[in-house]
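K.L.:
Build me a structure from this.
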Amino acid sequence: MVDEPIRVEGMRLPDVDQVLQTERKSYTTPWSRRAFVSELTENAYAHYLVAKTGQRVIGYIGMWFIVDEGHITNVAVHPDFRGRGVGRMLLQAAMDLTKISGGVRVTLEVRVSNTVAQHLYESMDFRRVGVRRGYYTDDGEDAYIMVWGKMPGKETE
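P.N.:
Numbering: from 1, shown residues only. Okay, the predicted model is just below:
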């Protein structure tokens, strides 16, 4: 299955079980099945994408569209597929979806200690604009706020 191309598509309810596998391998406080189902079925602002090879979900990204902004709520790549550009593909798809939807920026929070993710975001023109102190509830770690695109109140970027 490794030779099958990776594609990005909209997350559907049947994808949730595999998404949860990646979620549990990626985070100390993973989202629940109910949280993902709720995002897919009850939240009109939510848009979730999965990366697949064959029928296997190997990563996902979630975001909320609010006015002219896409806010990334979570993103993860299964450990077996890290370092292969899957995270970049998902992030680019989310950025493209934001543009297509009329958005002018994408925001996210990232752990101060997660330098691998920060380097990915910076390589895709995200920039640090602030810090959320004690953002992560599992250990109280701070998060950098990162933004791609036009900043509010700025005429050009």
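
K.L.:
Tell me how far the longest strand seen in the chain lies from the chain's centre.
P.N.:
When the chain is parsed with DSSP state E, its longest strand is strand 56-66. Mean-position distance between strand 56-66 and its chain equals 5 Å (CA atoms, centre = their mean, to the nearest Å).

K.L.:
Same question for stretch 121-131.
P.N.:
That offset, for stretch 121-131, works out to 14 Å (CA atoms, centre = their mean).

K.L.:
May I have stretch 47-56 as CSV, with CA atoms only?
P.N.:
Only the C-alpha atoms of stretch 47-56 are listed here, as CSV (Å, rounded to 0.1, in the frame of the first residue of the first chain):
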residue,chain,number,x,y,z
HIS,A,47,-14.4,21.7,8.0
TYR,A,48,-12.3,18.6,8.3
LEU,A,49,-10.0,16.9,5.8
VAL,A,50,-8.2,13.6,5.8
ALA,A,51,-5.1,12.4,4.0
LYS,A,52,-5.5,8.8,2.7
THR,A,53,-3.4,6.3,1.0
GLY,A,54,-5.8,3.6,-0.4
GLN,A,55,-8.5,3.4,2.2
ARG,A,56,-6.1,4.1,5.1
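
K.L.:
Please work out which residues outside that stretch touch it.
P.N.:
By CB atoms under 8 Å, 6 or more residues apart in numbering, the surrounding residues in contact with stretch 47-56 are 1-2, 4-11, 15, 18-19, 36, 39-40, 57-65, 70, 77, 81, 86, 89-90, 93-94, 97. (Each C-beta comes from the backbone N, C-alpha and C, glycine too.)

K.L.:
related to what we said a few turns ago, can you mark which positions in the longest strand of the chain are buried?
P.N.:
Across strand 56-66, burial judged by 16 or more other CB atoms under 10 Å covers Arg56, Val57, Ile58, Gly59, Tyr60, Ile61, Gly62, Met63, Trp64, Phe65.
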